[in-house]
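**Student:** pasting the sequence and the predicted coordinates here, then a few questions.
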Amino acid sequence: MSKSPTISFIGAGNMASAIIGGMLENGYQGGDIWVSAPDDNHLQSIRKRFGVSVTTDNRHCAQQADMIVLAVKPQVMADVCRDIAPVVQNTRPLMVSIAAGLTADTIDQWLGGGLPMVRVMPNTPSLVGKGAAGLFANDRVSEEQKTMIQSVFESIGSALWVDDENLLHAVTALSGSGPAYFFLMLEALESAATEAGIAPETARELAIQTMAGAAEMAGRSEHDPGQLKRNVMSPGGTTEQAINTFEEGGLRELVKKAYGAAFTRSGEMAKELADKQ
């Protein structure tokens, strides 16, 4: 495009705000961003915070855009899409959905069909600029549009493409639900350390920093996680005893089972949402 693309957000919740904030921190201009939502008071706070244009009229918001991010709950997506369909069928923007469960084809049908569509599965660490998003594009999305949307989501973390839309269920079970898995580990470590006599606030800070440091090491290292684990272990040492306890307790199988449960539920929810519309 010869000018900076105009990006409209339909929906102004936490994830939309996180994306907008990341975009502005990475060089996007507030004048190139529109936001619509039904609550004008909330919109005015968004306008003051980010310097973007706002409206309670979804059609007007959609009319401005080279790219539209659908950031509404899955339960209202059909109504929102059908409302803006006459506009987007005329302007033909890149459509982006961050709603879990709803397929690209389903959303495209609600929009009147034939549009370039990208589905994104972001996660909650996007709120602090450390997100991990999976992206899928239908065959009408150009390479230029792929570059544009990847740039947007890289402003709040990592953005990685999948070739098969069904793999977004696997992404959901990994990075979508994954933060809660690590929060559970933090909770368990903090509890164990507190029972051993460490003050709760000290245990929490040590556990959080340990997890953050391990993640940073994994991201920077040329070694795989298995080797990094072995690097911490000494024969007969404390780490070896802990790791052996995890292994003997079936941690790997439990993680696999939990991941599988999340994966299965993601598919079930997609079908439930499609059946309700």
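**Tutor:** In hand now; what should we look at? Numbers count the residues shown, from 1 in each chain.
**Student:** give me the neighbour count for residue 51.
**Tutor:** Residue 51 has 13 neighbours, counted by other Cβ atoms under 10 Å. For glycine as for every other residue, the C-beta is placed from the backbone atoms N, C-alpha and C.
**Student:** ok, it - contacts?
**Tutor:** Residues near residue 51 by Cβ atoms under 8 Å, 6 or more residues apart in numbering: 24, 30, 31.
**Student:** over to the last one. Which of the three states is it?
**Tutor:** For residue 31, the reduced secondary structure class is helix; criterion used: DSSP: H, G, I helix; E, B strand; the rest coil.
**Student:** surely it meets residue 50?
**Tutor:** No. Contact criterion Cβ atoms under 8 Å: residue 31 and residue 50 do not qualify, at 10.6 Å.
**Student:** for the stretch 1-150 of the chain, which segments count as strands?
**Tutor:** Applying DSSP state E, counting those that start in this stretch to the stretch 1-150 of the chain gives strands spanning 7-10, 33-36, 53-55, 67-70, 94-97, 117-121, 131-137.
**Student:** distance to residue 214 added to the ones you listed, as TSV?
**Tutor:** Output for those, formatted as TSV (distance: least, Cβ to Cβ, whole Å):
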stretch	distance to residue 214
strand 7-10	34
strand 33-36	36
strand 53-55	41
strand 67-70	33
strand 94-97	33
strand 117-121	24
strand 131-137	16
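**Student:** before we move on, the earlier item: what's the PyMOL line that selects buried ones from the contacts of residue 51?
**Tutor:** Selecting only the buried entries of the contacts of residue 51 in PyMOL, with 16 or more other Cβ atoms under 10 Å as the criterion:
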select buried, resi 24
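**Student:** tell me the one of the contacts of residue 51 nearest residue 90?
**Tutor:** residue 31 (23.1 Å; Cβ to Cβ).
**Student:** what's near enough to touch that closest one?
**Tutor:** 51, 52, 53.
**Student:** distance to residue 163 for the residues you listed - can I get that in JSON lines?
**Tutor:** As requested, these are arranged in JSON lines below (distance: Cβ to Cβ, whole Å):
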{"residue": "51", "distance to residue 163": "37"}
{"residue": "52", "distance to residue 163": "33"}
{"residue": "53", "distance to residue 163": "36"}
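**Student:** ok, those residues vs residue 136, which is closest?
**Tutor:** residue 52 (26.9 Å).
**Student:** how about that closest one, what does it touch?
**Tutor:** Applying Cβ under 8 Å, 6+ apart, the residues contacting residue 52 are 20, 30, 31, 33, 34, 35, 46.
**Student:** for residue 107, see how far away the residue lying closest to it once chain neighbours are set aside is.
**Tutor:** Sequence neighbours aside, residue 33 is the residue nearest to residue 52 in space, at 4.2 Å (criterion: Cβ to Cβ, 6 or more residues apart in numbering). Going from residue 33 to residue 107 by Cβ to Cβ, to the nearest Å gives 21 Å.
**Student:** same thing with residue 48?
**Tutor:** Separation of residue 48 from residue 107 (Cβ to Cβ) stands at 31 Å.
**Student:** looking at those two, which one has more neighbours?
**Tutor:** Neighbour count, other Cβ under 10 Å: between residue 48 and residue 107, residue 107 has more, with 23 against 10.
**Student:** ok, the more buried one touching residue 98?
**Tutor:** No. Applying Cβ under 8 Å, one finds residue 107 not in contact with residue 98, separated by 11.1 Å.
**Student:** so what sits against both of those two?
**Tutor:** Common contacts of residue 107 and residue 98 (Cβ under 8 Å, 6+ apart): 70, 119.
**Student:** tally up the residues packed near residue 57, please.
**Tutor:** 11.
**Student:** quick one: it and residue 43, what's the gap?
**Tutor:** The gap separating residue 57 from residue 43 is 11 Å, by Cβ to Cβ.
**Student:** do the same with residue 171
**Tutor:** Residue 171 sits 31 Å away from residue 43, going by Cβ to Cβ.
**Student:** likewise for residue 236?
**Tutor:** Applying Cβ to Cβ, the value for residue 236 to residue 43 is 62 Å.
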